[in-house]
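Student: Based on what follows, work out the 3D shape:
(2 chains)
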Amino acid sequence: MTEKRKIKAVVVGASAGGLFALKKLLPALPATFSCPILVVQHMSPHSDNYMTRMLNDLSQLTIKEADEKEAILPGTVYIAPPDYHLLVEADFTLSLSMEEKVNYSRPSIDVLFETAADVYGSHLMGIVLTGASADGAGGLLAVKKKGGYTIVQHPDDAESPIMPKAAIERTNPHKILTLDKIIALLLQV
Amino acid sequence: MEARDFSTTENIELELLLQAVFMQYGYDFRDYSRAHVKRRVKHRVAQEGMKSISELQNYVLHDRSTFERLVRSLSINVTEMFRNPDFYKSVREKVIPILKTYPYLKIWHAGCATGEEVYSFAIMLKEEGLLKRTQIYATDFNPDVIQQAQKGIFPIRNIKEYTTNYQKAGGKESFSDYYHANDEWVIFEKSLKKNIVFAEHNLVTDGVFAEVNMIICRNVLIYFNRNLQNEVLKLLHKSLIAGGFLALGTKESLMFSSEEKKYKAIDARQKIFKKKHD
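Tutor: Reported below is the predicted structural model:
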């Protein structure tokens, strides 16, 4: 990152192919990684917390399913629970919601990104990864509008390029990077 | 009270709108989860073709129909029959046997939305031989959804999923025995709602509703801030008999509430609690 800014939180959105990407990205971060990371990975409403447990086992960071009204702590990764939207409150706590699907998705990447952008402003980094959906494009635009830093996984590098392409088209992000480069950039945060 | 961020104009506008709604109409959304309310209000602003929350406030104050549309936006009615089948299974196995020991029962669905879970419970109670001796109260703050719930008519497109849920929930009969269908709708058997009273009740501004054996209040508390959650949990505690049951949503918890010690967890995963004797 060339601009001078202090990133205080990272939001990540992923859909089809996301599990593979997260399995690479999250375990690559050291225990000293100080930002909280909030993740929406599209999944079936009936899925259990297998993904979260597996990612936690592989990673040095604490990775957990987000609980409602819990405080956002540094060095912790919060995954949106299946069938709930994940929202960020102004007092840096998390809320869950069962309101209607957004972009055919619950959890929706847009909901997380928009509410996080509202709270963290220019101190937020938004990352849209692989997926076959248009979710995340509007959210990433909201991150950018509030002065946050925006990154999209390079469509050629993504297992499913549709979501990265939609986000790039809508937002014109600061960076379009391969997953490896995204990891390298996160290590500088 | 939690600290609020008034740093942006929009947050000030939102605070003023909620204050105005409370003063004019008595609906109190001030202690709802703010990020959630903000999203819903902004959605309403866009739907109305307005430019700002302040503009919406002007209309809300002077035009009741705009206010009513705002209330509908702030009311979450996403629900389904036998939602989370494992929850119903657990109620059947762990709660029903105890409810069977009472000669007469009262059950309260607090925040019932369009009533899908109310009918699900009625079906389960019928299969367990309890429906005839149970008085069911189904309440919500949104009068529109109460009216809908009362009808017991649901779109047929969801029935396949509901049937699967019913079976997973331990249903004992053929699900289609409980309703009549046409091309678009299913209407549930009248006998199911014989003992159901549908009523408007606001958990935030109204008091104790009745003294009941069980309260089902699932995915309602998530829309409140901690402060309000505590207040509502106190109200629910007062509304339960000693030994009565409280059922919350999968991601809801008593853990951070002053009420936690007043309950024993019957099924911690399915969020079913039993009120202790004083």
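Student: who in chain A is up against chain B?
Tutor: Proximity of chain A to chain B (Cβ under 8 Å from any Cβ of the partner chain) is limited to residues A:67-69, A:81, A:84, A:87-91, A:95-100, A:111, A:114-115, A:118-119. (Each C-beta comes from the backbone N, C-alpha and C, glycine too.)
Student: Helices - which of those residues land there?
Tutor: A:Val111, A:Glu114, A:Thr115, A:Asp118, A:Val119 (DSSP state H).
Student: Could you look up the SS state of the nearest residue to B:Asn84 once chain neighbours are set aside?
Tutor: Sequence neighbours aside, B:Thr250 is the residue nearest to B:Asn84 in space, at 6.0 Å (criterion: Cβ to Cβ, 6 or more residues apart in numbering or on different chains). Look at B:Thr250: counting by DSSP: H, G, I helix; E, B strand; the rest coil, its state is coil.
Student: ok, now which ones touch B:Thr250?
Tutor: A:Pro81, B:Asn84, B:Phe87, B:Arg218, B:Gln270, B:Lys271 (Cβ atoms under 8 Å, 6 or more residues apart in numbering or on different chains).
Student: now the residues you listed as JSON lines including secondary structure and neighbour count?
Tutor: What follows is these, written out as JSON lines (DSSP: H, G, I helix; E, B strand; the rest coil; neighbours: other Cβ atoms under 10 Å in any protein chain shown):
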{"residue": "A:Pro81", "secondary structure": "coil", "neighbour count": "21"}
{"residue": "B:Asn84", "secondary structure": "coil", "neighbour count": "22"}
{"residue": "B:Phe87", "secondary structure": "helix", "neighbour count": "24"}
{"residue": "B:Arg218", "secondary structure": "coil", "neighbour count": "25"}
{"residue": "B:Gln270", "secondary structure": "coil", "neighbour count": "20"}
{"residue": "B:Lys271", "secondary structure": "coil", "neighbour count": "22"}
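Student: Please identify which of these is nearest to B:Phe209.
Tutor: The shortest approach to B:Phe209 among the contacts of B:Thr250 belongs to B:Arg218, at 16.5 Å (Cβ to Cβ).
Student: does B:Ser54 belong to a helix or a strand, and which?
Tutor: B:Ser54 belongs to helix B:53-62 when assigned by DSSP states H and E.
Student: Which neighbouring elements make contact with that helix?
Tutor: Under the contact criterion of 3 or more Cβ pairs under 8 Å, 6 or more residues apart in numbering or on different chains; DSSP states H and E, helix B:53-62 touches helix B:9-25, helix B:34-47, helix B:64-74.
Student: Out of those, which gets nearest to chain A?
Tutor: Chain A lies closest, by Cβ to the nearest Cβ, to one member of the helices and strands packed on helix B:53-62: helix B:34-47, at 4.2 Å.
Student: Could you pull out the buried residues of the helix holding B:Ser54?
Tutor: By 16 or more other Cβ atoms under 10 Å in any protein chain shown, the buried positions in helix B:53-62 come out as B:Ile53, B:Ser54, B:Leu56, B:Gln57, B:Val60, B:Leu61.
Student: Distance check, the third one against B:Phe67.
Tutor: Same thing as B:Leu56. Distance, B:Leu56 to B:Phe67, by Cβ to Cβ, to the nearest Å: 10 Å.
Student: The second one too?
Tutor: Between B:Ser54 and B:Phe67 the computed distance is 15 Å (Cβ to Cβ).
Student: what's the closest non-adjacent residue to B:Gln57?
Tutor: B:Leu17 (4.5 Å).
Student: which other residues reach the helix or strand that contains B:Ile146?
Tutor: Applying DSSP H and E as the criterion places B:Ile146 in helix B:143-151. Here helix B:143-151 makes contact (Cβ under 8 Å, 6+ apart) with B:72, B:75, B:77, B:112-115, B:118, B:138-140, B:187, B:193, B:198-200.
Student: among those residues, who's most crowded?
Tutor: Highest neighbour count within the contacts of helix B:143-151, by other Cβ atoms under 10 Å in any protein chain shown: B:Cys112, with 31 neighbours.
Student: How about the secondary structure of it?
Tutor: Under three-state DSSP, the three-state class of B:Cys112 is coil.
Student: hang on, isn't it packed against B:Val118?
Tutor: Yes. Contact criterion Cβ atoms under 8 Å: B:Cys112 and B:Val118 qualify, at 5.1 Å.
Student: Overlap in contacts, the two.
Tutor: In contact with both B:Cys112 and B:Val118: B:Ala138, B:Ala149, using Cβ under 8 Å, 6+ apart.
Student: could I get the helices and strands packed on helix B:53-62 as JSON lines with mean pLDDT?
Tutor: Formatted as JSON lines, the helices and strands packed on helix B:53-62 follow (pLDDT from 0 to 100):
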{"stretch": "helix B:9-25", "mean pLDDT": "96"}
{"stretch": "helix B:34-47", "mean pLDDT": "96"}
{"stretch": "helix B:64-74", "mean pLDDT": "96"}
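Student: How about the residues of the stretch 151-278 of chain B by chain A?
Tutor: Residues of the stretch 151-278 of chain B lying close to chain A by Cβ under 8 Å from any Cβ are B:Asn219, B:Ile222, B:Tyr223, B:Asn225, B:Arg226, B:Gln229, B:Gly249, B:Thr250, B:Lys251, B:Glu252, B:Ser253, B:Phe256.
Student: Please convert the buried members of those residues into PyMOL selection syntax.
Tutor: Typed into PyMOL, the line below selects the buried ones among these, using 16+ other Cβ under 10 Å:
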select buried, chain B and resi 219+222+223+225+226+229+249+250+251+252+253
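Student: for the ones in helices among the residues of chain A next to chain B, which one is nearest B:Ile159?
Tutor: Using Cβ to Cβ, those come closest to B:Ile159 at A:Val111, 28.6 Å.
Student: Now do the same contact list for that closest one.
Tutor: A:Val40, A:His85, A:Leu86, A:Leu87, A:Ser97, A:Val102, A:Gly139, B:Arg39.
Student: ok, residue 80 - how many residues close by?
Tutor: As the question left the chain open, I've gone with chain A. Other residues near A:Ala80 come to 27 when the count uses other Cβ under 10 Å.
Student: please go with chain B instead
Tutor: 16.
Student: Could you do A:Glu159 as well?
Tutor: Neighbours of A:Glu159 (other Cβ under 10 Å): 18.
Student: Per-residue pLDDT of it, please?
Tutor: In this model, A:Glu159 is scored at 97, pLDDT.
Student: again, but for B:Ser257
Tutor: pLDDT recorded at B:Ser257 is 84.
Student: wouldn't it be in contact with B:Asn227 here?
Tutor: No. Counting by Cβ under 8 Å, B:Ser257 does not reach B:Asn227; the two are 10.6 Å apart.
Student: Can you pick out the residue with more neighbours from those two?
Tutor: It is B:Ser257, of B:Ser257 and B:Asn227, that has more neighbours when counted by other Cβ under 10 Å, with 19 against 11.
Student: and that one, what is it in contact with?
Tutor: Counted by Cβ under 8 Å, 6+ apart, B:Ser257 has contacts B:Gln229, B:Asn230, B:Leu233.
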